[in-house]
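Colleague: coordinates for the following, if possible.
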Amino acid sequence: MFARLLVVALLVTLAWAVVARAGSAAGPERTYTVRSGDTLWSIASARYGGDPRSGVWKIQQRNGIGDGTIRVGQRIVLP
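Modeller: Residues are numbered from 1 along each chain as shown. Prediction:
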């Protein structure tokens, strides 16, 4: 009896973990086309709340921008 209860509890926990992981609260990624005068800092300040440094880092990591240089017309993904 205890073994059955343990197996059921394990299956319920596993099912809950799969369902909880499947949902994404972050939503879809958006793209942004760089305009004249834009910087990573200005884009992050406008799109993310709080300290822009975190947003700049996320943008750089997602788009492979190592040196922080962006060009007018470049399309970047905003995670």
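Colleague: Val77 belongs to a strand?
Modeller: Yes: the assignment for Val77 is a strand, going by DSSP: H, G, I helix; E, B strand; the rest coil.
Colleague: for it, what are its contacts?
Modeller: Under the criterion of CB atoms under 8 Å, 6 or more residues apart in numbering, the neighbours of Val77 are 29-32, 59, 62-63. Yep, even glycine has a C-beta here, placed from its N, CA and C like the rest.
Colleague: grab the nearest non-local neighbour of Ile76.
Modeller: When the adjacent residues along the chain are set aside, Ile76 lies closest to Asn63, with 4.9 Å between them (CB to CB, 6 or more residues apart in numbering).
Colleague: between the contacts of Val77, which is nearest Leu6?
Modeller: Top of the list for closeness to Leu6, among the contacts of Val77 and by CB to CB, is Glu29 at 40.9 Å.
Colleague: check the burial of that closest one by counting its neighbours.
Modeller: 9 (other CB atoms under 10 Å).
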